[in-house]
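*Asks:* Give the three-dimensional model of this entry:
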Amino acid sequence: MTVTPAIIYGWVPVREAIRARGRAVHKVLVARGERRHRVNELLADARGMGIPVHLVSRDVLDRLVPHAAHQGVVAYLAAGEYADPEQVLTALTQETMLVLLDHVEDPRNLGAIVRTAHCAGVQAVVIPKDRAAGLTDVVAKTSAGAWAYTPLVRVTNLATFCRELRERSVRIVGVEADGPISYTEAEYRGPVAFIFGSEGKGLRRLTRAQCDLLVSIPMRGRINSLNVSVAVGIVLFEALRQRTQGG
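*Replies:* I've put the predicted structure just below:
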C-alpha cells in the first residue's frame, strides 16, 4: 500500500523525515536566501543520511506546492507503506496505547491526532481503508513531523481489528458524546485502544459494539461537541496522567 506523500514541505516535517530512519528521502530542495542556521542544520542532518540538498529559487517551490506554506523547503520521498497491522498486534505489551479512528475524513484532524498521539506515547494510529483521511502532504505538515515516528496503520475493517485486539486482552474504549461515564472515571492502565468517531457521525454501530467501555467528555457550553483532535488530546493525556502518576 504505497501511499506516503511523494512531497512534504515545511522545516519541521522535512527535518523529522530526514532524522527518522526508515523514511526514505530522495532529495531536498531549499530556497536560496533562507536563514543560514536553518540551512546548515538541515544540511548536516541530510549529509549524515546521504541525502542530496539542492538550492533553488523560491518560484520552483511555489510551483511544486502551490497555495501551501512550504517555508522554503520541500522534500521528495520514496513511496512508503502504512505499518503492517500484524506487526502492531505482535508488538502489544502491558504499556500499549493505540488510537483508532472511525472514518475521520479531515486530513488536518488526522495530522493533529498523529502529533498528539506521538506526544502521549501512543504506539500506533489505526484508520480504516475506506472513507477516511490517509497519508497526504497536509497530514505530514499538520503533524509537525510526528508522522515520521508514530506508525499509521490502515485496516480493511475496523470492527474486525477491534475483535483481534480484544482477543489479545486489549480493552477497547470508545469516546462518544453520550458515553455513560466521564472519561476521568475510567481506568486506563494496561493495554488499551481508544476509538474516536468521525467528525459528524461519531462511532458507527458495528464499531461501538466492539467497545468494552464508552466514555464521554463533559460539556458546559452551548456547543455540545469538540473537534475530534481536541477530544483525542483530552483523553490521551488523562490516560498518560494515570499511567505516570498511578491513576
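*Asks:* how distant is the longest helix anywhere in the chain from the center of its chain?
*Replies:* Scanning the chain for the helix with the most residues, using DSSP state H, yields helix 228-245. Helix 228-245 sits 15 Å away from the centroid of its parent chain (C-alpha atoms, centre = their mean, to the nearest Å).
*Asks:* Need the CA coordinates for it. PDB is fine.
*Replies:* C-alpha atoms of helix 228-245 as PDB (Å, rounded to 0.1, in the frame of the first residue of the first chain):
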ATOM      1  CA  VAL A 228     -12.100  15.100  17.300                       C
ATOM      2  CA  SER A 229      -8.400  16.100  17.500                       C
ATOM      3  CA  VAL A 230      -9.100  18.000  20.700                       C
ATOM      4  CA  ALA A 231     -11.100  15.100  22.200                       C
ATOM      5  CA  VAL A 232      -8.200  12.800  21.400                       C
ATOM      6  CA  GLY A 233      -5.800  15.100  23.300                       C
ATOM      7  CA  ILE A 234      -8.000  15.300  26.300                       C
ATOM      8  CA  VAL A 235      -8.500  11.600  26.700                       C
ATOM      9  CA  LEU A 236      -4.900  10.500  25.900                       C
ATOM     10  CA  PHE A 237      -3.400  12.900  28.400                       C
ATOM     11  CA  GLU A 238      -5.700  11.700  31.100                       C
ATOM     12  CA  ALA A 239      -4.500   8.100  30.300                       C
ATOM     13  CA  LEU A 240      -0.900   9.300  30.400                       C
ATOM     14  CA  ARG A 241      -1.500  11.000  33.800                       C
ATOM     15  CA  GLN A 242      -2.900   7.800  35.200                       C
ATOM     16  CA  ARG A 243       0.000   5.700  33.900                       C
ATOM     17  CA  THR A 244       2.700   8.100  35.100                       C
ATOM     18  CA  GLN A 245       1.100   9.000  38.500                       C
END
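*Asks:* Find the centremost residue of the protein, please.
*Replies:* residue 114 (1.9 Å; C-alpha atoms, centre = their mean).
*Asks:* show me the contacts for the closest residue to residue 96 other than its chain neighbours.
*Replies:* Distance criterion C-beta to C-beta, 6 or more residues apart in numbering; nearest residue to residue 96, sequence neighbours excluded, is residue 191 at 4.2 Å. C-betas here are computed from N, CA, C, even on glycine. By C-beta atoms under 8 Å, 6 or more residues apart in numbering, the contact set of residue 191 is 92, 93, 94, 95, 96, 97, 168, 169, 170, 171.
*Asks:* switch the cut-off to 6 Å
*Replies:* Residue 191 is in contact with 92, 96, 170, counting by C-beta atoms under 6 Å, 6 or more residues apart in numbering.
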